[in-house]
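Asker: 3D, please:
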Amino acid sequence: MVISPLLGVRGVRGVSGAPAVAALVGPTAVGKSEAGAALAERLHAEIVSVDSMQVYRGLDAGTAKPSPGLRTAVPHHLIDIVEPSHELSVAEFQSLARTAIADIWERGKLPLLVGGSGLYFRAAVDDLSFPPRSDEVRRQLETEAAAVGNSVMHQRLAALDPAAADRIESSNLRRVVRALEVIEITGRPFSRGYSWDGYSSVYRLAVAGLELDPARLRDLISGRVERMLARGLAAEARELASNNLSLTARQALGYRQVLEEPDAAPDELRDRIVAATARFARRQMTWFKADPRVVWFDASCEDLVVTLTGHFRSRLRLP
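Answerer: Presented below is the predicted three-dimensional model:
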């Protein structure tokens, strides 16, 4: 069905209410980009990426950005929008995403969020607030971390805020520093005062999740990593690191493993990236499975796009 650009999707339930927003989420490598582009064409939609690393220019070989063909066929927002030296915060992303959603809606199209970064997704659609930031405090903590190491910084966090330390891996220096930054600024634990337990969207939201058998997903992850390395991931990571790569961008899967183990043999590097990506996919599933709004679909379903189209048209009352 072709929807008139003059009517678009806003005529479905009137302009006075909150915008309708569709979202397609799930673990890495499950096929969200391709399914999202096909959906967007059927739903008269534009895509808003909710990927924490695709926002960065230059992180190309390892972030599985939608192909040029997909981005030509369907408008995509929030891809390649900031320099890799910039520490993009979730609060900044929230503002950018909501601006894109409003723009798409005002032009009579449906915003379709596509991606697997759970916190970025929730920041875009839910009424979440974020703790304050201080560039000076963060730089001091990062300098100290470079001198004493991740483990010491995580031990400090455990002493100041055991609940936050339990949730943050010691290897995730960016999050450890962020928690310590908030404690330094506010004088109270990072784990208190910023509860995101409730699921209440600021939009009329419908969410679909894609899932696959874990063994099949692992095979897809392995194949994706092979292609990323063949496209020059290691060289790209080293080049970016030589030009003031931000701590946030350094956490990107693949890039992080290259920079942490610069002398790793190719096979060892591949295995490290595959294992890290598989762990990340499991964390993504845990995050999204906790969200009661997500309706799950088998990504291997032969009529997946048709089924998803029906789901969103029904949930959002689209023509």
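
Asker: can you pull out the helices in the stretch 1-150 of the chain?
Answerer: For the stretch 1-150 of the chain, the helices defined by DSSP state H, counting those that start in this stretch cover 32-43, 68-73, 90-106, 118-125, 135-148, 150-160.

Asker: any idea which of those is most buried?
Answerer: Among the helices of the stretch 1-150 of the chain, the stretch with the highest mean neighbour count (mean count of other Cβ atoms under 10 Å) is helix 118-125, at a mean of 23. Where you see a C-beta, it was placed from the backbone N, CA and C, and this is true even at glycine.

Asker: one step back: any chance of the helices of the stretch 1-150 of the chain in TSV, plus distance to Leu318 and mean pLDDT?
Answerer: Shown next, in TSV, are those (distance: least, Cβ to Cβ, whole Å; pLDDT from 0 to 100):
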stretch	distance to Leu318	mean pLDDT
helix 32-43	7	97
helix 68-73	20	92
helix 90-106	13	96
helix 118-125	18	96
helix 135-148	43	92
helix 150-160	46	94
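
Asker: for Gln251, which non-adjacent residue is closest in space?
Answerer: Using Cβ to Cβ, 6 or more residues apart in numbering and skipping residues adjacent in sequence, the residue nearest Gln251 is Arg174, 5.3 Å away.

Asker: among the helices of the stretch 1-150 of the chain, which comes closest to Phe312?
Answerer: helix 32-43 (6.0 Å; Cβ to Cβ).

Asker: quick one, the top strand by length along the chain and helix 32-43 angle?
Answerer: Looking across the chain with DSSP state E, the single longest strand is strand 204-211. Orientation check (axes from the mean of the first three to the mean of the last three Cα atoms, to 10 degrees): strand 204-211 against helix 32-43 gives 140 degrees.

Asker: just the CA trace of strand 204-211, in CSV.
Answerer: These are the backbone C-alpha positions of strand 204-211, laid out as CSV (Å, rounded to 0.1, in the frame of the first residue of the first chain):
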residue,chain,number,x,y,z
ARG,A,204,2.8,6.1,20.9
LEU,A,205,5.3,3.3,20.7
ALA,A,206,5.3,-0.2,19.1
VAL,A,207,8.4,-2.4,19.4
ALA,A,208,9.3,-5.6,17.6
GLY,A,209,12.4,-7.6,18.5
LEU,A,210,14.3,-10.0,16.2
GLU,A,211,15.8,-13.2,17.7
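
Asker: other SSEs contacting the helix or strand that comes right after it?
Answerer: Following strand 204-211 in sequence order, the next helix or strand is helix 214-230 (DSSP states H and E). For helix 214-230, the packing partners by 3 or more Cβ pairs under 8 Å, 6 or more residues apart in numbering; DSSP states H and E come out as helix 266-289.

Asker: other SSEs contacting the next helix or strand after the helix it packs on?
Answerer: Proceeding N to C from helix 266-289, the next assigned helix or strand is strand 294-298, under DSSP H and E. Where contact means 3+ Cβ pairs under 8 Å, 6+ apart, strand 294-298 is packed against strand 204-211, helix 304-316.

Asker: buried stuff in the last one?
Answerer: It refers to helix 304-316. Buried residues in helix 304-316, counted by 16 or more other Cβ atoms under 10 Å: Leu304, Val305, Leu308, Thr309, His311, Phe312, Arg313, Arg315, Leu316.

Asker: and Arg42, how far from Arg317?
Answerer: If you measure Arg42 against Arg317 using Cβ to Cβ, to the nearest Å, the figure is 16 Å.

Asker: also Ala235?
Answerer: From Ala235 to Arg317 the distance is 49 Å (Cβ to Cβ).

Asker: same question, Gln284
Answerer: 29 Å.

Asker: same thing with Lys65?
Answerer: 32 Å.

Asker: and those two? which has more neighbours close in?
Answerer: Lys65 (21 against 13; other Cβ atoms under 10 Å).

Asker: leaving out the residues flanking it, which one is nearest to that one?
Answerer: Leaving out its chain neighbours, the residue that sits closest to Lys65 by Cβ to Cβ, 6+ apart is Gln54, at 5.1 Å.

Asker: so Ser191 sits right up against Ile168, yeah?
Answerer: No: taking Cβ atoms under 8 Å as the definition, Ser191 is not a contact partner of Ile168, at 9.7 Å.
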